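Enquirer: Got a sequence here, can you model it:
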Amino acid sequence: MNINDNKRFALLIDADNAQAKAIDAILIEAARYGDVTSRRCYGDWTSPQSKSWKEVLNKHAIQPIQQFAYTVGRNATDSALIIDAMDLLYTGKFNGFFLVSSHSDFTKLATRLREAGLEIIGIGKQNTPEAFRSACNRFIFTETITEDENKTDENNNVEQISKNIATSAEKNDSTKSPPKTSSTKKLKKLIIDAINSPSEGDGWANLSEVGNYLNRIDSSFDPRNYGLPKLSLLVKSLNYVDYKNSNSKHFVKLKDANA
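Expert: Numbers count the residues shown, from 1 in each chain. The predicted model follows:
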């Protein structure tokens with residue numbers, strides 16, 4: 001049994017700040033962390049803007065929570081979600097929460113739930129304010145997982161994508177895939193800091209420890225943001241990192257700048 005099978009999560013969705021078309025990808029992503037035993041979506045279901053959500057709620061057994069917009073410009077949905085989150089926290093039945101929104105108003109909620117020792121995973125757009133992203137243990141971009149799901153449909157599963165990329169890299173190491181985004185300077189700093197932190201005296205660092213460090217210092221770090229499904233494939237694509245496999249363990253080291 002996978003250790004994640006024992007984890008119980010609550011999935012709380014802010015329909016005012018989330019996309020219904022991403023729900024399939026969101027649920028697939030959530031299943032990687034554990035069992036989502038409570039699924040709730042908050043919105044004003046009398047509003048025409050909620051039509052896209054109403055079409056998917058029954059399909060995925062998501063409980064719609066009605067919240068009327070009492071005043072124009074005031075988000076009553078946020079308050080309802082926060083109150084329910086605290087009620088669920090005090091039941092003691094959950095190991096963590098998925099907060100699906102791109103709204104910074106949930107920053108305090110994420111902080112409070114995390115202080116209680118729960119695992120908080122945010123899911124939202126890339127333009128989500130940094131404060132909310134940092135308040136979560138992990139923050140996943142919907143653009144990344146919806147794109148990932150499209151690739152899965154085309155190639156049957158993510159593992160096949162990994163094999164295809166790895167095979168291509170082995171055939172022609174000089175044509176390694178560069179990161180998709182333009183934030184290569186930020187990526188380089190993250191990778192260098194991560195390798196230096198857990199590295200041994202010889203400079204080699206266990207890749208799993210590097211991955212843990214990356215997630216601690218940047219909750220939104222995800223190899224898929226750079227077009228590759230695994231961290232091992234990402235570091236292989238970087239010209240300033242050496243990679244080796246020893247006894248089924250993966251290690252990375254910064255290349256000598258003078259070499």
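Enquirer: The nearest residue to E55 once chain neighbours are set aside: neighbour count?
Expert: Leaving aside its chain neighbours, E55 sits nearest to A20 (7.1 Å; criterion: CB to CB, 6 or more residues apart in numbering). Bear in mind the C-beta positions are built from the backbone N, C-alpha and C, glycine included. Residues near A20, counting by other CB atoms under 10 Å, number 18.
Enquirer: Same question for S47.
Expert: S47 has 13 nearby residues by other CB under 10 Å.
Enquirer: ditto for E115
Expert: Using other CB under 10 Å, E115 is surrounded by 9 other residues.
Enquirer: Same check on F94?
Expert: 21.
Enquirer: Which of the helices or strands spans it?
Expert: When elements are assigned from DSSP states H and E, F94 belongs to no helix and no strand.
Enquirer: Test my guess that it contacts L12.
Expert: No - using CB atoms under 8 Å as the test, F94 is too far from L12 to be in contact (10.7 Å).
Enquirer: what's the domain layout of this protein?
Expert: 3-146, 172-254 (automatic domain parsing).
Enquirer: Return the member of these having the minimum mean pLDDT.
Expert: Lowest mean pLDDT within those: domain 172-254, a mean of 82.
Enquirer: What distance do you get for the residue nearest to D218 when sequence neighbours are not counted to F94?
Expert: Of all residues not flanking D218 in the chain, L190 sits nearest, at 6.1 Å (CB to CB, 6+ apart). According to CB to CB, to the nearest Å, L190 and F94 sit 30 Å apart.
Enquirer: What residues does F141 make contact with?
Expert: By CB atoms under 8 Å, 6 or more residues apart in numbering, the contact list for F141 reads I123, G124, K125, Q126, T128, S220, D222, N225.
Enquirer: what sits against the residue nearest to the fifth one when sequence neighbours are not counted?
Expert: It refers to T128. The shortest distance from T128 to any non-neighbouring residue, by CB to CB, 6+ apart, is to S102 (4.3 Å). Shown in contact with S102 (CB under 8 Å, 6+ apart): N17, A18, G124, K125, N127, T128, F132.
Enquirer: same deal with S101?
Expert: By CB under 8 Å, 6+ apart, the neighbours of S101 are I13, D14, N17, A18, G122, I123, G124, T128, F132.
Enquirer: Now neighbour count too, for those, in TSV please.
Expert: Converted to TSV, the contacts of S101 look like this (neighbours: other CB atoms under 10 Å):
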residue	neighbour count
I13	27
D14	22
N17	20
A18	24
G122	26
I123	26
G124	27
T128	22
F132	24
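Enquirer: Tell me the one of those residues nearest N58?
Expert: I13 (14.3 Å; CB to CB).
Enquirer: Help me confirm that that closest one comes into contact with V36.
Expert: No - shown here, I13 and V36 do not form a contact pair, counting by CB under 8 Å, at 11.2 Å.
Enquirer: What segments of the stretch 101-250 of the chain are helices?
Expert: Secondary structure of the stretch 101-250 of the chain (DSSP state H, counting those that start in this stretch): helices located at 107-115, 130-135, 142-155, 158-171, 184-196, 207-217, 231-236.
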